[in-house]
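> structure for the following, please:
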Amino acid sequence: MTESLGKSLINLRAAKGLSADDIARRTKISRMNIENLENDRFDLLPKPVFVRGFIKLLCRELRVEPALYLELYEQSVKQAGEKVEKPSLENIIKSYCHNIEHSRDFKLIYIILIAIFLVSVLLAVFTIGSGGGGSVDISSADKPIIQFEEPGR
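Residues are numbered from 1 along each chain as shown. Purely as a prediction, here's the structure:
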């Protein structure tokens, strides 16, 4: 039996001395999709047309011809055929959460969003606490701003 697509991709990537994060950055394929592809989790990947595109991008980045890897993908999908069920919501969430927890970019975005939220809350409290930005006292106006003269005077 031949090596699975996922194992082949892992071995190829490792031979080039690259991590999944390196490949994700260079190809703009999400780390989640790379990990699902390397783990042969085709049920958690997008439609086959996108997966074929991922494989071509990976092969271009790793400087190999994609034909063998595309054929491995087709064989894997064919073998899985009727055995592959639609992914359960639980599996999708687990996969997504696992990959988000390990994403440095997400942690930075998370920290920035919390900072923005806290600044917004502090500004709102300060504005409300100081009287909503001040009010205009119209009782001190003795004269109108614009005076009109009556004709004939």
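
> quick one: mean pLDDT over the lengthiest helix in the chain.
Secondary structure of the chain per DSSP state H: the longest helix is helix 104-129. For helix 104-129, mean pLDDT rounds to 83.

> again with stretch 25-37
Mean predicted confidence for stretch 25-37 is 92.

> in that stretch, what's buried?
By neighbour count on 16 or more other Cβ atoms under 10 Å, the buried set for stretch 25-37 is 27, 29, 31, 32, 33, 34, 35, 36, 37. C-betas here are computed from N, CA, C, even on glycine.

> what about the spatially closest residue to residue 76 that is not a sequence neighbour, distance to residue 72?
The spatial neighbour of residue 76 that comes closest, neighbours along the chain excluded (Cβ to Cβ, 6 or more residues apart in numbering), is residue 5 at 5.2 Å. Noted for residue 5: a distance of 4 Å to residue 72, by Cβ to Cβ, to the nearest Å.

> can you name every helix or strand that the longest helix of the chain contacts?
For helix 104-129, there is no helix or strand it packs on, judged by 3 or more Cβ pairs under 8 Å, 6 or more residues apart in numbering; DSSP states H and E.

> tell me who's in contact with residue 65.
Contact partners of residue 65, counting by Cβ atoms under 8 Å, 6 or more residues apart in numbering, are residue 59.

> how would you label it: helix, strand or coil?
Here residue 65 is coil, with the state taken from DSSP: H, G, I helix; E, B strand; the rest coil.
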